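Engineer: sequence first, predicted coordinates after that:
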Amino acid sequence: LEAVAGGKLTSRLPRQSVRELDALAGRFNAMAMALENEQKTVSHLLNELLQLQDRERAHIARVLHDDLGQYLTGIRAQARSWVYDPDLNDRQRQQAKDLAG
C-alpha cells in the first residue's frame, strides 16, 4: 500500500487467504493498474503536446522570418527611392538613407 501511495503504481498486493481480503486486494490491484495505465496515457499525451508545441513554434518562426524578411526588403526598396525624391527635405532624405541601410 505504501509503495502505491508513494507513486510506485507497479506494486501489487499479494493474494490473501481470507476471501473478503483477497477481493479487496484484487480490487486494489485493479485500481493500481488503472492508475498506472492512466499515468502512461497522460505521459504519452504530454509528450505529444510538447512535440506539437515545438512544431508550432518552428512553423511560426519560419513564417515570421519569411514575412519579416519580405517586409524589410520592401521598406528598404521604398526608402532607397525616397533618397532621390526631390520633394523631401534634408532631414527626410537622411531618414530614408538610414532606413535604406
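Structural biologist: Good, I have the coordinates. Numbers count the residues shown, from 1 in each chain.

Engineer: okay, which residue is most central for this protein?
Structural biologist: Nearest to the geometric centre of the chain sits residue 53, at 2.7 Å (CA atoms, centre = their mean).

Engineer: distance from the chain centre to the helix or strand bottoming out on mean pLDDT in the chain, please.
Structural biologist: Here the helix or strand of the chain ranked lowest by mean pLDDT, DSSP states H and E is helix 2-5, holding a mean of 83. Centroid separation for helix 2-5 versus its chain: 32 Å, with CA atoms, centre = their mean, to the nearest Å.

Engineer: who touches it?
Structural biologist: For helix 2-5, contacts defined as CB atoms under 8 Å, 6 or more residues apart in numbering pick out 11, 28, 32, 35. No exception for glycine: its C-beta is placed from N, CA and C like everyone else's.

Engineer: give me the number of residues near residue 7?
Structural biologist: 9 (other CB atoms under 10 Å).

Engineer: helix, strand, or coil at it?
Structural biologist: coil (DSSP: H, G, I helix; E, B strand; the rest coil).

Engineer: contacting residues for it?
Structural biologist: Taking CB under 8 Å, 6+ apart as the definition, residue 7 has no contacts.

Engineer: scan this protein for its longest helix.
Structural biologist: helix 19-83 (DSSP state H).

Engineer: go through the helix or strand following that helix and flag the buried ones.
Structural biologist: Once the chain leaves helix 19-83, the next helix or strand it forms, by DSSP states H and E, is helix 90-100. Buried positions in helix 90-100, judged by neighbour count with 16 or more other CB atoms under 10 Å: residue 96.
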